[in-house]
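Visitor: fold the following.
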Amino acid sequence: MKTIKERLDALGTHIPDILLPNKDIDLKSWAVIACDQFTQDSFFWDGLAQQIGEKPSLLSMIFPEIYLEDTDKAARIMKIRQAMKKAITSDYFDEPVHGMIYVERSTPHRPCRRGLVLALDLEHYDWHPEAQHLIRATEGTVQERLPPRIEIRRGAPLESPHIIVLIDDPERQLIEGLGKRAKTKPYRYSTQLMADAGRITGWVLDTQKDFEYLAEHLERLVRQAIARDGRTSPSAEPFLYAVGDGNHSLATAKAVWEEYKATHYHEPDIMEHPARYALVELENLYDEGIEFEPIHRLLFGTSLKEIEQLLQKELSAKTKIIEDIGHLTASLTEPSAHTIQYGLVSKDGLRLISISGTAIATAPIQPVLDRFISENQGKLTIDYIHGSRETTNLSLAAPDRVGILLPPVSKGDLFVTVGKSGPLPRKSFSMGEGIEKRFYLECRRLFV
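Guide: All right, here's what the predicted structure looks like:
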């Protein structure tokens with residue numbers, strides 16, 4: 001009879017040793033929103049730094065992506081390493097919890113989103129489109145975005161997750177059932193989050209019965225995945241985990257693990273090294289606190305007329321002049337059979353763009369934008385913005401900018417679509433608004 005560890009190993013799942021801040025740490029200053037948010041808003045990140053001051057905070061241990069192109073990258077990474085070492089040596093943490101953390105998060109938009117913090121085995125993950133592992137990317141991975149992230153993670157003493165991984169559990173038994181078990185005991189932490197982002201509360205799950213419950217229900221989900229998808233090849237693993245947020249972060253963890261494994265293969269315990277695993281939060285696709293939001297595009301160095309003509313030429317787009325931003329965003333939410341719609345926003349005006357098709361909205365437009373940017377290197381750049389309001393504000397803030405608003409995204413067919421066709425185009429969806437993203441809070445020792 002297999003042990004619980006053996007059962008979880010077969011499921012690509014690992015019970016980690018989680019580090020949580022001690023009672024003397026101000027959790028509101030400690031917890032920080034995911035580093036890939038507000039990438040055009042230096043005031044947000046500068047304001048956080050001023051608000052936190054000298055208090056212990058994970059802000060000193062992450063690299064907000066808004067600063068990735070700055071010239072002081074090496075110095076910043078060195079400071080991150082020093083801050084991590086200080087956190088370990090200054091007794092910021094209680095004794096490690098060998099277990100999981102059940103979390104409930106409220107946001108300005110939703111009263112409750114449930115999750116389970118544990119570790120996944122990177123040996124069961126591959127981001128490449130053709131890969132058929134237990135853990136799969138939901139969106140295309142841009143290899144050019146990985147090197148700076150690899151540099152940050154390589155040799156880092158600590159990791160803290162902003163990766164959210166989805167399970168397909170319509171019966172709502174795994175996470176919800178563990179939540180009922182967890183809440184029979186007092187919570188381990190609870191705090192308001194900075195930037196008016198809501199509240200998070202966490203309970204520890206650390207008994208053998210908790211782990212048994214986890215294994216039992218993951219095995220149930222594997223059986224359901226096989227029934228849902230079939231077996232496309234003898235070597236294919238069931239599609240158990242879908243990376244919902246943090247695709248590039250998990251791809252980075254995989255790259256660092258493969259690099260470390262290749263250079264330390266001779267060590268007898270190499271396959272037990274902490275870098276083999278990545279700390280994540282599991283969430284159920286069917287949780288009412290999860291809504292998929294489109295990720296909008298913001299182009300720099302172009303004009304409304306140029307983008308309008310591009311889409312007319314490449315996608316046979318029809319355009320309509322819109323006078324009011326409220327009318328434009330409302331038009332994007334109206335279902336239209338066999339038609340995909342986009343909104344263009346600039347200081348020169350607003351346009352509703354319509355093309356024929358039934359695919360997810362990023363599928364036809366992203367290749368066009370990629371080619372256009374490649375052909376105009378040095379002139380054009382692109383950013384990916386969470387939230388239609390922020391995209392609109394940024395688009396209207398200066399000339400030579402065009403925002404592309406995308407329509408809403410349905411979450412119901414995610415596992416079927418990715419299982420059948422592979423990852424969606426990159427930046428196809430976001431789980432909620434920017435302020436609803438995961439906050440770094442829990443940690444784990446990585447490279448000692």
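Visitor: so Leu205 touches His98, yeah?
Guide: No - applying CB atoms under 8 Å, one finds Leu205 not in contact with His98, separated by 10.5 Å. For the C-beta atoms, the positions are set from N, CA and C on the backbone; glycine is no exception.
Visitor: between those two, which one's more packed in?
Guide: The residue with more neighbours, out of Leu205 and His98, is Leu205; 24 against 12, by other CB atoms under 10 Å.
Visitor: skipping adjacent residues, who's closest to Pro129 in space?
Guide: Using CB to CB, 6 or more residues apart in numbering and skipping the chain neighbours, the partner closest in space to Pro129 is Gly422 (4.2 Å).
Visitor: Ala255 - how many residues pack around it?
Guide: Under the neighbour criterion other CB under 10 Å, Ala255 is assigned a count of 19.
Visitor: assumed it was part of a helix.
Guide: Yes - assigned with DSSP: H, G, I helix; E, B strand; the rest coil, Ala255 falls within a helix.
Visitor: pretty sure it is touching Pro148, no?
Guide: No - Ala255 is beyond contact range of Pro148, at 11.8 Å (criterion: CB under 8 Å).
Visitor: state the pLDDT value of Thr232.
Guide: The confidence metric pLDDT takes the value 64 at Thr232.
Visitor: same question but for Met1, I mixed them up
Guide: Listed pLDDT for Met1 reads 87.
Visitor: ok, back up a step: next one: the residue nearest to Pro129 from Ile163, what distance?
Guide: The gap separating Gly422 from Ile163 is 20 Å, by CB to CB, to the nearest Å.
Visitor: any idea which helix or strand carries Ile25?
Guide: Of the helices and strands defined by DSSP states H and E, none includes Ile25.
Visitor: how many neighbours does the nearest residue to it once chain neighbours are set aside have?
Guide: What sits nearest to Ile25 in space, not counting adjacent residues and going by CB to CB, 6+ apart, is Pro56, at 5.4 Å. By other CB under 10 Å, the residues close to Pro56 number 21.
Visitor: show me the contacts for Pro56.
Guide: Taking CB atoms under 8 Å, 6 or more residues apart in numbering, we find Pro56 in contact with 21, 25-26, 29-30, 87, 90, 92.
Visitor: same deal with Leu122?
Guide: 250, 253-254, 257, 276-278.
Visitor: who has more neighbours out of Gly422 and Ile163?
Guide: Taking other CB under 10 Å, Gly422 and Ile163 do not tie; Ile163 has more neighbours (23 against 16).
Visitor: roughly how far apart are the more buried one and Met271?
Guide: For Ile163, the distance to Met271 (CB to CB) stands at 22 Å.
Visitor: again with Ile164
Guide: As judged by CB to CB, Ile164 and Met271 stand 26 Å apart.
Visitor: do the same with Thr362
Guide: Counting by CB to CB, the gap from Thr362 to Met271 is 37 Å.
Visitor: neighbour-wise, which of the two wins?
Guide: Between Thr362 and Met271, Thr362 has the larger neighbour count (other CB under 10 Å), namely 23 against 10.
Visitor: and that one, how close does it get to Glu293?
Guide: 13 Å.
Visitor: now Ser346: phi and psi?
Guide: Here is the backbone geometry of Ser346 (degrees, to the nearest 10): phi -160, psi 170.
Visitor: so what sits opposite it in the bridge?
Guide: Beta bridges link Ser346 to Gly349 when assigned by DSSP bridges.
Visitor: please, which helix or strand holds Arg444?
Guide: strand 444-445.
Visitor: within the sheet, what are the partner strands of that strand, with directions?
Guide: When pairing is defined by DSSP bridges, strand 444-445 lines up against strand 158-159 (antiparallel).
Visitor: distance from the chain centre to the strand it pairs with, please.
Guide: Put simply, strand 158-159 sits 17 Å off its chain's centre (CA atoms, centre = their mean, to the nearest Å).
Visitor: ok, now stretch 162-170?
Guide: Put simply, stretch 162-170 sits 10 Å off its chain's centre (CA atoms, centre = their mean).
Visitor: quick check: mean pLDDT across that stretch?
Guide: 97.
Visitor: give me the contact list for that stretch.
Guide: With contact meaning CB under 8 Å, 6+ apart, stretch 162-170 is reached by 34-36, 115, 120, 135, 138, 174-175, 217, 221, 224-225, 228, 240-246, 249-250, 278-286, 290, 414-415, 431, 437-440.
Visitor: work out for me the element Arg105 sits within.
Guide: Taking DSSP H and E as the criterion, Arg105 maps to strand 100-106.
Visitor: typo on my end, Asp383
Guide: Here Asp383 is assigned to strand 381-386, by DSSP H and E.
Visitor: and what of Val165?
Guide: In this structure, Val165 sits in strand 164-167 according to DSSP H and E.
Visitor: what's downstream of that strand, the next helix or strand?
Guide: Next along the chain after strand 164-167, taking DSSP H and E as the criterion, comes helix 174-182.
Visitor: for that next one, packing partners?
Guide: Packing partners of helix 174-182 (3 or more CB pairs under 8 Å, 6 or more residues apart in numbering; DSSP states H and E): strand 100-106, strand 113-121, strand 199-205, helix 208-229, strand 277-284.
Visitor: for the fourth one, packing partners?
Guide: Meaning helix 208-229. Helix 208-229 packs on helix 4-10, strand 13-14, helix 174-182, helix 414-421, going by 3+ CB pairs under 8 Å, 6+ apart.
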